[in-house]
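J.: make a model of this:
(2 chains)
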Amino acid sequence: MKSVFALATITYKEGIRNRSLFGIALLALFLFGFNITVAGFFMRDVGKVTVDMNLSALSFAGLLLVFFVGVNLMAKDIDRKTIHLVLSKPISRAQYIWGKYLGIQFFISVSLLLLFVFSCLTVGLLLNLYPNYFIGFSWTNFFIACFFVLVKFSVLAAIVVFFSSITSSSLITLIFSISSYVVGITIEEVVFYLRSEFSAQEKIISESLQTFIDIVSYMIPNFAVFDFTLEAAHGLVITSQRIFLSFGYGAIYISILLMLASLIFSRREFN
Amino acid sequence: MRRLLPILMLLVTIIVYGFLFQGVWESRELVRAKTPVGYTIPSKFSRILALGNQGVLSDFLFLKIATFIGGKSGSGELLNEEDWQFVAQSLDAVIDLDPFFVDPYMLAEGLLAWDAGKPEEANQLLIKGMKYRTWDWRLPFFTGFNYFYFLKDYETASGFIMQASQLPGSPAYLATLGARLAYYGGKSKTALLFLQQMLADTDDVMMKKRLQKRLQALESAVVIEEALEKFKIQEGRLPKELSELVSSGYLVMLPSDPYGGKWGILKNGRVFSTSKFANAPQENPKIKQTPSK
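T.: As a prediction, the model looks like this:
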């Protein structure tokens, strides 16, 4: 356990030192500033626009963090062959995977937490500027939505770790992870669209296509599960059941991926 | 000289760039003015293309509509049928992306119903929104208003107004208003009550101006109607012309119509104005403010 944490700490430090972090933070800060300017263009629902833009900015920053820094952290060892050095230490391959994941997770959490503080400042400022146009707004909902942005990227980080355990280059990992993200974020719309459209017109969708989509929806995480933007933007009720379901779904999916990654990584040969 | 040459070349290219820059932007302006408005990606696809950012996409699309209309009215151009089609479709897409977003409903009411003369389209969007914003009394109120004011369907209107009156935060008089609508549907006074509410609920400067003008016109109509009522009770008949109200002392003078029309009276005793309370009646053939002969 100790070695897992040691590895996690090293990974985290490596991530925090990455220069692209500044770029991502600057971009997020720009988006928050942009939000303050744009909010005044709307007639009524300034609160909704603010929440939308803040959550999207956080999401976008998280996405860049995982894809630019996370992928690098995971794949650098294999790319630069420093993995031989690490694995010569008394650490099992499964421990290596979990250590790396925890490090990335910790890195994403700390970075997002920082951006979250700025996001809260933006929302607070706009709340003070336009108090009459934040009617449905609730901080609790906003916090829940922000927390689930983090959960979403924890799942994505697990996907990155999984793909780097089977591929030999960081580019392939990046491409696979981006594809998984795009599929994961759209799969729900596609499934429901097909369900409603085809059942409404009583058309028969080809069986193989239906099976394919079913299989994909099992394999790829449904990222829409972690999306609480609508609820946060309009102050709608979020049931505790939904929070538990979403959180449990994410946690279990991460565990499965990491266990699979450990299994594959243990059998892998490096040259 | 050798050192200066690259700097000189750079300067020359920068100057050329400056000319080109202006030319490019001017030509883009011409190109944009000529291109047809645009095409709204159906919400079925944009929901997927948004990659989880449906909220922000709805905000962006909404801004696009607002700037489109603002740009047109800024240059004094009237929107044609195609433009309004685009606005209606885009608003529909915005609502599909985020059905709880209140701004598109307000724009639908303010523009589609009032400016475009498409109260049916506005009602479609408002009724769609009622499924989601179940607590918001303004949506059924506006729908009822459109049925009452533009479509002259008083029964349906009173149903929506009653529905609005039962929602939290709705003004207290809505219940009685809804009940009276069915009886006094055609009277200007009912419209006056509606307009006063619309005015109290509007922040938009353009909309406010428009409403105030209409309110003024209706107030004039109410003054004439009240004098007419007195005339009818005392004389037992309707005047042949409205000027009779002035000559027999029921009115000091005929109030002016801010739209520049002339007042008249129908055989059934209804007061109307030749302006039909519209700035450009030929642009809005569907709007009939007063029943015509």
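
J.: switch to C-alpha atoms for all contacts and neighbour counts from now on
T.: Fine.

J.: quick one: name the residues of the stretch 51-200 of chain B near chain A.
T.: Contact residues, the stretch 51-200 of chain B versus chain A (CA under 8 Å from any CA of the partner chain): B:51, B:52, B:53, B:55, B:56, B:59, B:63, B:98, B:100, B:101, B:102, B:103.

J.: average model confidence for stretch B:104-116?
T.: Here stretch B:104-116 scores 84 as its mean pLDDT.

J.: need the residues that contact that stretch.
T.: By CA atoms under 8 Å, 6 or more residues apart in numbering or on different chains, the surrounding residues in contact with stretch B:104-116 are B:62, B:84, B:88, B:91, B:94-95, B:118-122, B:125-126, B:129, B:139, B:142, B:146, B:150, B:207, B:284.

J.: selecting buried members of these in ChimeraX, what would you type?
T.: Command for ChimeraX, covering only those of the contacts of stretch B:104-116 found buried under the criterion 16 or more other CA atoms under 10 Å in any protein chain shown:
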select /B:62,84,88,91,94,95,118,119,120,121,122,125,126,129,139,142,146,150,207
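
J.: restricted to helices, list the contacts of stretch B:104-116.
T.: Using DSSP state H, the members of these that fall in helices are B:62, B:84, B:88, B:91, B:94-95, B:119-122, B:125-126, B:129, B:139, B:142, B:146, B:207.

J.: now rank the residues of the stretch 51-200 of chain B next to chain A by neighbours and give me the top one.
T.: Comparing those by number of neighbours (other CA atoms under 10 Å in any protein chain shown), residue B:101 comes first, having 27 neighbours.

J.: these two touch, right, it and residue B:93?
T.: No. Taking contacts as CA atoms under 8 Å, residue B:101 lies outside contact range of residue B:93: 11.6 Å.

J.: what pLDDT does residue B:207 get?
T.: pLDDT recorded at residue B:207 is 69.

J.: got the confidence number for residue 139?
T.: All of this is about chain A. Value listed for residue A:139 in the pLDDT field: 90.

J.: switch to chain B, that's the one I care about
T.: Per-residue pLDDT puts residue B:139 at 89.

J.: now the residue nearest to the spatial centre of chain A. Nearest residue, chain neighbours left out?
T.: Taking CA atoms, centre = their mean as the criterion, residue A:153 is the residue nearest the geometric centre of chain A, at 1.6 Å. Once flanking residues are discounted, residue A:153 sits nearest to residue A:62: 6.5 Å by CA to CA, 6 or more residues apart in numbering or on different chains.

J.: host element of the one you found?
T.: helix A:46-64 (DSSP states H and E).

J.: so what's residue A:55 up against?
T.: Residues near residue A:55 by CA under 8 Å, 6+ apart: A:145, A:146, A:149, A:229.

J.: how close does the third one get to residue B:52?
T.: Read that as residue A:149. Separation of residue A:149 from residue B:52 (CA to CA, to the nearest Å): 11 Å.

J.: hey, what's in contact with both of those two?
T.: residue A:227.

J.: for the stretch 1-150 of chain A, which residue gets nearest to chain B?
T.: Residue nearest to chain B within the stretch 1-150 of chain A: residue A:52 (5.5 Å; CA to the nearest CA).

J.: please look at that residue and residue B:57 and confirm they touch.
T.: No. In this structure, residue A:52 is not within contact of residue B:57 by CA under 8 Å, at 9.2 Å.

J.: which one of those two is surrounded by more residues?
T.: Neighbour comparison, residue A:52 and residue B:57: the larger count goes to residue A:52, with 24 against 21 (by other CA under 10 Å).
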